[in-house]
Structure formats: C-alpha cells, structure tokens
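S.K.: no sequence on this one, just coordinates:
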C-alpha cells in the first residue's frame with residue numbers, strides 16, 4: 001500500500017471519529033459534480049466556502065493541498081456513508097465510484113452457487129467475478145449471499161454492477 005493511500009485512510013478514519021463526536025456538524029448535501037463549480041476536477045476552498053462541505057474540508061483534503069479531488073471526496077464519503085451525507089445522490093456517487101473499479105457480475109445466482117445450497121459462500125465468490133462485490137451484496141453480513149440479496153443488489157444497481165446472465169436472471173424474476 002503506498003504511503004499516500006495509507007495516510008489518506010488514516011486521516012479519513014480520524015475524521016470519522018471527529019464527525020461522530022461533533023453532532024452540530026452539517027451533513028454534506030451535494031455531490032462532487034455540483035460542488036466543483038468550475039469543472040476542473042477539484043473542489044477549491046472558494047467553491048466550498050458557502051456550502052455544507054466547508055466544515056468537512058480539512059478532513060477531506062487529506063494531502064492538504066487546499067483542494068479536494070474526486071478521489072479524496074469518494075474516500076471520505078465511503079468511510080462516512082450514512083454519517084455525513086444527507087441525500088442518496090451523495091452516497092450513491094461514492095458507491096458508484098467504488099464499484100466502477102470492479103469487474104461486472106456476469107453469471108446468474110445458480111451458476112455461482114456451486115454446491116447448490118442456496119447461498120454463495122466467500123469461497124464460491126472468490127472463484128468468480130463476484131468477489132469484490134461480496135461485501136456490498138451481503139446486506140445482513142452473515143458471510144454468505146442469499147438469492148434475495150443477489151437479486152436485490154442487481155435490481156437496485158443494474159448495469160452499474162452486472163451484465164450478461166446476471167441481468168437476464170433479474171429480467172426473468
């Protein structure tokens with residue numbers, strides 16, 4: 001892990017505790033695109049000074065260059081989802097940035113459930129394109145994916161997370 005990523009993770013974790021300790025801090029109610037007024041790929045202090053993100057600025061700006069990149073924004077939002085975000089658009093933008101790096105799920109639930117026990121285990125998931133999605137799909141955190149969890153995930157996020165057999169399976173449901 002490179003030093004910048006490690007430092008960003010540590011600072012974001014510290015900011016999480018700072019946010020939870022201060023109940024008077026405003027939630028962020030805008031997504032990155034609407035905050036980046038000049039569309040240069042960064043949120044400057046000028047762009048943030050009249051918005052709810054201002055109180056979070058120093059926690060998000062992990063490299064302390066006095067501007068927030070999309071990467072810094074997404075890392076902060078992912079670490080603080082449900083704690084600092086007001087609307088689903090804000091949390092969804094962070095989620096979509098995270099899953100954009102994953103290979104899409106191509107297979108149906110049945111083809112991923114190798115032992116036909118009605119669940120996709122961590123081991124079964126590791127052998128396929130679903131492994132990085134596992135933590136998002138396993139909504140009840142029981143370390144296995146039920147058919148309902150699989151279907152709900154793909155119905156909710158569609159082409160952002162799935163293609164081929166996985167989407168076809170949902171159409172037939």
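M.R.: Okay, I see it. Bear in mind the structure is a predicted one, so any value in this text is a computation, not a measurement. Residues are numbered from 1 along each chain as shown.

S.K.: who does the one helix or strand residue 149 maps to touch, helix- and strand-wise?
M.R.: Using DSSP states H and E, the element containing residue 149 is helix 147-157. Contact here means 3 or more C-beta pairs under 8 Å, 6 or more residues apart in numbering; DSSP states H and E; on that basis helix 147-157 packs against helix 109-112, helix 134-137, helix 164-172. Backbone N, C-alpha and C define where each C-beta goes, glycine included.

S.K.: quick one: the helices in the chain?
M.R.: Taking DSSP state H, the helices of the chain run over residues 3-21, 32-35, 45-48, 57-60, 70-79, 88-99, 109-112, 122-126, 134-137, 147-157, 164-172.

S.K.: now the fourth one, how far from the centre of its chain.
M.R.: Yep, that's helix 57-60 we're talking about. 18 Å (C-alpha atoms, centre = their mean, to the nearest Å).

S.K.: Over to stretch 110-129?
M.R.: Centroid separation for stretch 110-129 versus its chain: 23 Å, with C-alpha atoms, centre = their mean.

S.K.: Likewise for stretch 160-167?
M.R.: With C-alpha atoms, centre = their mean, you get 18 Å for stretch 160-167.

S.K.: So for the helix holding residue 149, what gets flagged as buried?
M.R.: Buried positions in helix 147-157, judged by neighbour count with 16 or more other C-beta atoms under 10 Å: 147, 149-151, 153-154, 157.
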